[in-house]
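Peer 1: Quick one, what's the 3D model for this:
(2 chains)
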Amino acid sequence: MIHLKIVTPERVLLDEQVESVTLPTDMGEITVLPNHIPLISNLKAGELMYKKAGVENFLASSSGVIEVKGRNEIVVLAQTAEFGHEIDVNRAEQARERARKLMAESQTDEKIFTEATAGLERHLARLKVARKHRTHTHRNLESGALKE
Amino acid sequence: MANSSREIRRRIKSVKNIAQITKAMELVAAAKMRRAQQQATASRSYAVLSSELLKNLAAKGDLRHPLINRLVEDAPPQGGKTLIILITSDRGLAGALNTNVINKALGLIKLENKPIPAENSVKLSGDLTKASAKISDYSPNSHLGDGRGGDGFDLITVGKKGADAARRQKLNVIAAFTGKDRNLSILDAKPIAEIAINDYLAHKYEKVFVVYTDFISTLRQSPNVIQVLPFAGHVSRNTYHVPEILFEPSSDEVLEKFLYRAIEFTVYQALVEAAASEHSARMMAMRNANTAAADLIDDLTLTYNQARQAGITRELSEISAAKLAMEDNRY
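Peer 2: Numbering: from 1, shown residues only, chains lettered A, B, ... in the order given. Here you go, the predicted model:
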């Protein structure tokens, strides 16, 4: 088991024992299992997954940093992060549209363009996580109904 | 007499009306205060963890980055300016809160203007959780009479009160944000931090400070100064040995991104603390107003009753005098 902590300036999202964590980093997606060596890496905006009691849980997060400590401890410091059930799909979709528009308009200015791209990536991840949460809960409900 | 007792009655009524308003404001401020205080404490665990991370980065090697210390050949032209981010509230009725924080900023300007190197007088203490510079040497109500005055300084103001004060002192304001006292998010700190970082890297400023009100408790808030740039969060190398840490992509790249976020976070924390302070100060000010109103009402009621009683006594004696006179006439 790994002790996973997800912390943003605004709140502590998670402080729990989990089985594995999958995170997007600058070097690509990594999965951290127990007994990982100490590692510090940049977190990319995207979709974060942790497995607990066999169930996959998803979060959308913006960029940040991750620190894998020696004693099976992972700290994720992100600027913002949300659980799937907290994301409003409609609003996320609007935000993505805005980001896409901004990106199309700002193609001449490199700095604004990179920022807009990062924003779009973040909103896409939020949308994905929100949708995943929806289908997951649906599936859970269905399987629950079958059992009964 | 009847005239003056009516006057007193009117005053009692108006004081009661004011007390009703201050009571309502106290309740509103108390509700906002609770939320703001929660937010202020919620950011502490992020602060602790990120200063831990910085220690690990520092153990890896010298922290070299223009945001921490400029290289010699990279030094800004002589007499670089200083940027002050002044965080105040939009609205008043919060006791001495805004006055104190504005005086602190003016004191900082005065102090930085002195010929002695600022490093001697401004002591910076270690970690991110409470990186603060204690400035003891300034007198309140100081105005910018001597030295270069406010010439070497630019301001970013957050909140209307700070913008007004800067205008009165004829200080140069490069950006004025209106205050936001609830649901603050890190995104509110981002534009402020961005201006500071960009202008600093463009050599417009030598130093950047944040002046805000530190939230200590509901009863105590004190104005505080933090040096944002060059980043002073933790520059000394620690000696404790850290086991081999793998950095991806590299420790420099992690540091680079970390610094931007840490500076944003410092601004965010100042905003949150200032919001918690504002609501606490307003609640206390309103509570004091309530007590004062209650005292005033007691006082006025006493005077009113005395006046009323004096009137009754006088009327009684007038009646009995008249009666006596009439009885005398009969015989």
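
Peer 1: thought A:T8 was touching A:A81?
Peer 2: Yes. When contacts are counted by Cβ atoms under 8 Å, A:T8 is listed as touching A:A81 (5.3 Å). Every residue, glycine included, has its C-beta placed from N, CA and C.

Peer 1: show me the residues around the nearest residue to B:Y304 once chain neighbours are set aside that make contact.
Peer 2: Of all residues not flanking B:Y304 in the chain, B:I8 sits nearest, at 4.3 Å (Cβ to Cβ, 6 or more residues apart in numbering or on different chains). Taking Cβ atoms under 8 Å, 6 or more residues apart in numbering or on different chains as the definition of contact, the neighbours of B:I8 are B:300, B:303-304, B:307.

Peer 1: burial measure for the closest residue to chain B within chain A, as a count.
Peer 2: In chain A, the residue found nearest to chain B is A:S41; the distance is 3.9 Å by Cβ to the nearest Cβ. Here the number of neighbours of A:S41 (other Cβ atoms under 10 Å in any protein chain shown) works out to 20.

Peer 1: give the contact list for A:G119.
Peer 2: Residues in contact with A:G119 (Cβ under 8 Å, 6+ apart) are A:99, A:102-103.

Peer 1: tell me the average confidence for the helix or strand hosting it?
Peer 2: Secondary structure assigned from DSSP states H and E places A:G119 in helix A:110-147. Predicted confidence along helix A:110-147 averages 70 (mean pLDDT).

Peer 1: How about stretch B:265-273?
Peer 2: According to the model, stretch B:265-273 has a mean pLDDT of 90.

Peer 1: So what's the residue count around B:L187?
Peer 2: Around B:L187 sit 12 other residues, with neighbours defined as other Cβ under 10 Å.

Peer 1: returning to that earlier point: for the residue nearest to B:Y304, give me the pLDDT.
Peer 2: Note for B:I8: predicted pLDDT of 90.

Peer 1: Secondary structure element holding it?
Peer 2: Secondary-structure element containing B:I8, defined by DSSP H and E: helix B:2-42.

Peer 1: so how far is that helix from its chain's centroid?
Peer 2: Here helix B:2-42 is found 22 Å from its chain centre; the criterion is Cα atoms, centre = their mean, to the nearest Å.

Peer 1: again with stretch A:105-119
Peer 2: 22 Å.

Peer 1: wait, what's in contact with the nearest residue to A:M103 once chain neighbours are set aside?
Peer 2: If the residues on either side of it in the chain are set aside, A:M103 comes closest to A:A116, at 4.0 Å by Cβ to Cβ, 6+ apart. Taking Cβ under 8 Å, 6+ apart as the contact definition, A:A116 lies against A:99, A:102-103, A:106.

Peer 1: Please indicate which of the residues you listed are buried?
Peer 2: Among the contacts of A:A116, those classed as buried by 16 or more other Cβ atoms under 10 Å in any protein chain shown are A:99, A:102-103, A:106.
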